[in-house]
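>>> need coordinates for the following:
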Amino acid sequence: MSDWRHSGFGVYVHWPFCLHKCPYCDFNSHVSRETDQTRWRAALLADIRRSAAEVPDRRVDTVFFGGGTPSLMPPETVAAVIDEIDAVWGLKAGAEVSLEANPTSVEAGRFKGYAEAGVNRISMGIQALDDAGLRRLGRMHSVAEARAAFDVARAQFARVSFDLIYARQGQTLAGWEAELREALAMAVDHLSLYQLTIETGTRFGDLYARGKLRDLPTDDLAADMYLKTQEICDRFGMGAYETSNHARMGAESRHNLVYWRYGDYAGIGPGAHGRVTVGGEKLATEAFSNPSRWLEAVENEGWGRAQAETVTKVEQAAEYLMMSLRLAEGSDLRRYEALGGQRLTDSTVAEMAEGGFVALENGRLRTTVKGRPLLNEILRQLLAG
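Residues are numbered from 1 along each chain as shown. Take a look at the predicted model:
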């Protein structure tokens, strides 16, 4: 059995356009007020067809529209993309189809159109339930607008998730606790809770480098916020199934699980990455990130791929470990070794287990609540042998 079958096959569709670039965002997003929708729709469909020609005979478990701001896409474009994916691969019965949305681009009619197109799960970028926090994050919506948009989404979709960012400028532990409790009172079945990270090449990154990004929490305060997040979410029945993602039992993001369980996924659209198994080899694919360059490549060559590199067996094993250890369920060490990884050093695992950072049960290695914030160091030691 091909290894990817352990975890399924997903399709990621990237819509690169936004109305505004947030200062913390390092995603492939570009501010655009006008887009030739007919041209872009045709290009996305062509990219899908070319990708399907490379990996035919698949059935799609999940589809995810990310960005950028996919809720700027007309519902007819979303419908055409979903229909094309179904035509060339086939959507499995009950396939999860998610779309990211920003509160500033939510309209009841548009959401009704997305539901009719086949979207069955919405992920909203609310980011804060505090107006001062939203302003500092450079967001264009207010808390009231976010709540109204959430109500629109909830009226149309049974599955609604939203994102919040903590460890923000000027944020206190008590302030985050109050905000998190408010979020949990709103939540349907899933929350993504991310600690603010300062990325090079972003507006925040530039300010930080010049010493002008003030009032960031200390590392100790950020760690306390993380631990408080776990404690409160557990109490509300929304435990962390992944480092930053919380859900009620059975409501996990199935598309993201394809990534974390190291399945195959095709990347469609500008800057989209993929991992696909072709002829027994795992390929890491990447599309042109510049929207104009991608569009030109699709129209002239049939798709927008910039490169595809073979992932060696040893690299596959390392990638699997790095992704799956993010999950509460942890890593199957038999699968890790079968992929090409050397057996993890018993003494290293034992030392980490003794320190309370990991647990090893029935051939599965997982990080503990204590170990999860130290995942990068745990991985470094495990892979160093």
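
>>> in the host helix or strand of S347, what counts as buried?
Element membership of S347, judged by DSSP states H and E, is helix 346-354. Within helix 346-354, the residues that qualify as buried are 348-349, 352, counting by 16 or more other CB atoms under 10 Å. Heads up, the C-betas are built off the backbone N, CA and C, glycines and all.

>>> likewise stretch 185-201?
Applying 16+ other CB under 10 Å to stretch 185-201 flags 186-193, 195-196, 198 as buried.

>>> repeat for stretch 135-154
136-137, 139, 141, 143, 145-147, 149-150, 152-154.

>>> now stretch 240-255
240-243, 245-248, 251-255.

>>> one more: stretch 290-310?
290-291, 294-295, 297-298, 303-305.

>>> residues making contact with it?
Contact with stretch 290-310 is made by 16-17, 30, 32, 39-40, 43, 46-47, 50-51, 269-271, 281-289, as judged by CB atoms under 8 Å, 6 or more residues apart in numbering.

>>> looking at the buried residues of helix 346-354, which is nearest R58?
Among the buried residues of helix 346-354, V349 lies closest to R58 (CB to CB), at 35.6 Å.

>>> spatially nearest residue to the closest one, not counting backbone neighbours?
Spatial nearest neighbour of V349, chain neighbours left out: L360 (6.0 Å); criterion: CB to CB, 6 or more residues apart in numbering.

>>> beta-bridge partners for that neighbour, please?
Under DSSP bridges, the beta-bridge partners of L360 are L365.

>>> dump the residue contacts of it.
The contact partners of L360, by CB under 8 Å, 6+ apart, come to 333, 349, 353.

>>> which stretches in the stretch 101-250 of the chain count as strands?
Secondary structure of the stretch 101-250 of the chain by DSSP state E, counting those that start in this stretch: the strands cover 121-127, 159-166, 190-195, 240-242, 245-247.

>>> identify, from the buried residues of stretch 185-201, the entry nearest to F111.
V188 (14.4 Å).

>>> got phi/psi on the closest one?
As for V188, its main-chain torsions (degrees, to the nearest 10) stand at phi -80, psi -60.

>>> I'd assumed R159 was in contact with it.
Yes: the pair V188 and R159 passes the contact test of CB atoms under 8 Å, sitting 6.8 Å apart.

>>> read off the pLDDT value for the closest residue to A80 other than its chain neighbours.
The shortest distance from A80 to any non-neighbouring residue, by CB to CB, 6+ apart, is to R41 (5.6 Å). Predicted confidence (pLDDT) for R41: 97.

>>> packing partners of the regular element (helix or strand) spanning R41?
For R41, the element it lies in under DSSP H and E is helix 37-54. Counting contacts by 3 or more CB pairs under 8 Å, 6 or more residues apart in numbering; DSSP states H and E, helix 37-54 packs against helix 75-88, strand 264-268, strand 273-278, helix 291-301.

>>> no more questions from me, cheers.
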